[in-house]
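Chemist: kindly return the folded structure for what I paste below:
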Amino acid sequence: MPYFRKFEGEKLFLSPIDVNDAETYAAWLNDPVVAQQLNSLHRSYSVEEERKALQRLAGGHHFAIVETSQEQLLGNCGLDSIDWVHRTAELGIFIGSSDDWGHGYGSEALALLLRYGFTVLNLNNIMLRVNSDNVRAQRCYDKAGFRAIGLRRQALQRGRQRLDEIFMDILAEDFYAAAAKDEE
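Modeler: Residues are numbered from 1 along each chain as shown. The predicted structure follows:
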């Protein structure tokens, strides 16, 4: 599939969503390990369903995450619920194969998406939600400058286990301060 280098990092780039990747996304979302992290273990995803979902995301503020050297699709990320008056949005991101977790792809894609949100869209506040047991993601978000802002207690059910949902956000001033520090 042809990918376009909309925003480039060191190991990956963000490209517009391609609906022809529906089969890959359906395979990821039906993987129990991935589905558990996305709180979607209770659902099955067909290729056609995923094609429709990708059509909704394409052309918006959502991007495919693509590894640079092999141009391999890794996942996606995007900004939803954008409020242009108050300059806020909610961020979502996932790396589709658990084999690709822990290699820094999520951190790099997150940095590119934040740069897009703050410097291109001129947002002021970007928030996200994360499961309380997803420590790896929490570390990634902390490293990117997100701060915990709240907790929805026992909001998630996994088998007989109840999990909290953590709300985190980052402000434009935090993003720009970290960027200035990196340049020093």
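
Chemist: now do stretch 70-80: distance to the chain's middle.
Modeler: Stretch 70-80 sits 8 Å away from the centroid of its parent chain (C-alpha atoms, centre = their mean, to the nearest Å).

Chemist: my bad, stretch 49-69
Modeler: On the basis of C-alpha atoms, centre = their mean, stretch 49-69 sits 11 Å off its chain's mean C-alpha point.

Chemist: pull the residues that contact that stretch.
Modeler: Stretch 49-69 has contacts (C-beta atoms under 8 Å, 6 or more residues apart in numbering) with 3, 6-19, 21-23, 25-26, 29, 72-80, 82, 89, 93, 95, 105, 109, 113, 116-117, 121. Every residue, glycine included, has its C-beta placed from N, CA and C.

Chemist: report the buried members of these.
Modeler: With burial judged by 16 or more other C-beta atoms under 10 Å, the buried subset of the contacts of stretch 49-69 is 3, 7, 9, 12-15, 17-19, 21-22, 25-26, 29, 73-79, 82, 89, 93, 95, 105, 109, 113, 116-117.

Chemist: tell me the contacts of the nearest residue to Pro32 once chain neighbours are set aside?
Modeler: Spatial nearest neighbour of Pro32, excluding adjacent residues (C-beta to C-beta, 6 or more residues apart in numbering): Leu41 at 6.2 Å. Applying C-beta under 8 Å, 6+ apart to Leu41 gives the contacts 32, 35, 158.

Chemist: wait, Tyr45 touches Val34, no?
Modeler: No. The pair Tyr45 / Val34 is not scored as a contact, 10.7 Å apart, by C-beta atoms under 8 Å.

Chemist: tell me the phi and psi of the residue nearest to the spatial centre of the chain?
Modeler: Ranked by distance to the mean C-alpha position of the chain (C-alpha atoms, centre = their mean), the top residue is Ile93 at 1.1 Å. Main-chain torsions, Ile93, degrees, to the nearest 10: phi -160, psi 140.

Chemist: quick one, strands of the protein?
Modeler: Using DSSP state E, the strands of the chain run over 7-8, 12-16, 62-67, 72-83, 88-95, 125-131, 147-158, 161-171.

Chemist: could I get these as JSON lines with mean pLDDT and distance to Tyr141?
Modeler: Formatted as JSON lines, the strands of the chain follow (pLDDT from 0 to 100; distance: least, C-beta to C-beta, whole Å):
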{"stretch": "strand 7-8", "mean pLDDT": "95", "distance to Tyr141": "19"}
{"stretch": "strand 12-16", "mean pLDDT": "96", "distance to Tyr141": "18"}
{"stretch": "strand 62-67", "mean pLDDT": "97", "distance to Tyr141": "16"}
{"stretch": "strand 72-83", "mean pLDDT": "96", "distance to Tyr141": "12"}
{"stretch": "strand 88-95", "mean pLDDT": "96", "distance to Tyr141": "9"}
{"stretch": "strand 125-131", "mean pLDDT": "96", "distance to Tyr141": "7"}
{"stretch": "strand 147-158", "mean pLDDT": "94", "distance to Tyr141": "9"}
{"stretch": "strand 161-171", "mean pLDDT": "96", "distance to Tyr141": "5"}
